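J.: the sequence isn't on hand, but the structure is:
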């Protein structure tokens, strides 16, 4: 029992210490949304993702800026844990790619 407690404590500390903070307001930098795809991704991200993943950081859900685009698209389409799945009617394949492109730009800040 004691070993399980220390294992869970260690995993919790490791998980929180790996969080990456990428925040537009704190850094003062903003994503260059001159590309229409990035602008669309930004708009969709704020509409569908921001409330659980604020600025790509950990919120109700984990940080998403450090994940590869294909994994982000897969999780959005199929859901995972408490994350809902977004159907093709809600977010098209192109929309998911635009969101992944926006997150890639956000990660570079």
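T.: That came through, no problem. Quantities reported herein were computed from a predicted structural model and do not represent experimental measurements.

J.: next helix or strand past the lowest-mean-pLDDT helix or strand in the chain?
T.: Between all helices and strands in the chain, the lowest mean by mean pLDDT, DSSP states H and E belongs to helix 24-27, at a mean of 52. Counting by DSSP states H and E, the next helix or strand C-terminal to helix 24-27 is helix 36-48.

J.: give me the buried positions along that next one.
T.: Buried residues in helix 36-48, counting neighbours by 16 or more other Cβ atoms under 10 Å, are found at 38, 40-42, 44-45, 48. All C-beta spots, glycine's among them, are computed from the backbone N, C-alpha and C.

J.: in a markdown table, list those along with distance to residue 8.
T.: Listed next are those as a markdown table, based on distance: Cβ to Cβ, whole Å:
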| residue | distance to residue 8 |
| --- | --- |
| 38 | 40 |
| 40 | 41 |
| 41 | 36 |
| 42 | 37 |
| 44 | 36 |
| 45 | 32 |
| 48 | 32 |
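
J.: fine, thanks again, bye for now.
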